[in-house]
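Enquirer: Have a look at this fold, sequence not included:
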């Protein structure tokens, strides 16, 4: 439940939200996401957290990060760490939980409601602490994927659970129109 006069902040765990939307079969339009929550309350901030592989020539997430940065989101990024596991597989580690937690705790005295876009059970103590400070917390994730993308303890701790699948029609990127081949227009003879 949202109240129009409440001060609101969004905290988006980028990789977690991406995985949940992908599991539900859609891409998120972040402009629509921001508009939807601005409609629900007085949005003070929309944070987006992601790790980046800086040593790659091209990072597929870079265009999104740049777009979000120029369109009203506060970007929080750090360089991901790359390593090889015991089976010689390339792994990437870029957890942003601490950064998100610190920012939420710092902003808590200035907001009435925090919306956390993540299903990571590690955030349960954060929600519990925010609630002790009088902040209402909604969590956006999904239980409709296989397996569910939200931990049961996180969903139970939140004041409000918002099923991402129910926001699909509001947040989905519009489908791209297929390219139509056209015959070249011949110059008119005089």
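Expert: Perfect, thanks for sending it. Only a predicted model underlies this, so the values are computations on that prediction, with no experimental measurement involved. Residues are numbered from 1 along each chain as shown.
Enquirer: Quickly find the element holding the closest residue to residue 107 other than its chain neighbours.
Expert: Closest residue in space to residue 107, ignoring its immediate chain neighbours: residue 9 at 5.6 Å, by CB to CB, 6 or more residues apart in numbering. All C-beta spots, glycine's among them, are computed from the backbone N, C-alpha and C. For residue 9, the host element (DSSP states H and E) is strand 7-13.
Enquirer: Can you name the next helix or strand after that strand?
Expert: helix 14-24.
Enquirer: Buried residues of that following helix, list them for me.
Expert: 14, 15, 16, 17, 18, 19, 20, 21, 23, 24 (16 or more other CB atoms under 10 Å).
Enquirer: which one of the residues you listed sits closest to residue 123?
Expert: residue 16 (9.5 Å; CB to CB).
Enquirer: In this protein, what residue spans correspond to strands?
Expert: Secondary structure of the chain, counting by DSSP state E: strands at 7-13, 42-52, 74-79, 81-84, 90-93, 113-117, 136-141, 160-163.
Enquirer: List of residues touching the second one?
Expert: With contact meaning CB atoms under 8 Å, 6 or more residues apart in numbering, strand 42-52 is reached by 4-15, 30, 34, 37, 59, 61-62, 65, 68, 72-80, 92-96, 99-100, 103, 107, 110-111.
Enquirer: That strand vs strand 74-79, what angle?
Expert: With axes from the mean of the first three to the mean of the last three CA atoms, to 10 degrees as the basis, strand 42-52 and strand 74-79 are set at 10 degrees to each other.
Enquirer: didn't residue 1 look like it was pressed against residue 160?
Expert: Yes: the pair residue 1 and residue 160 passes the contact test of CB atoms under 8 Å, sitting 6.2 Å apart.
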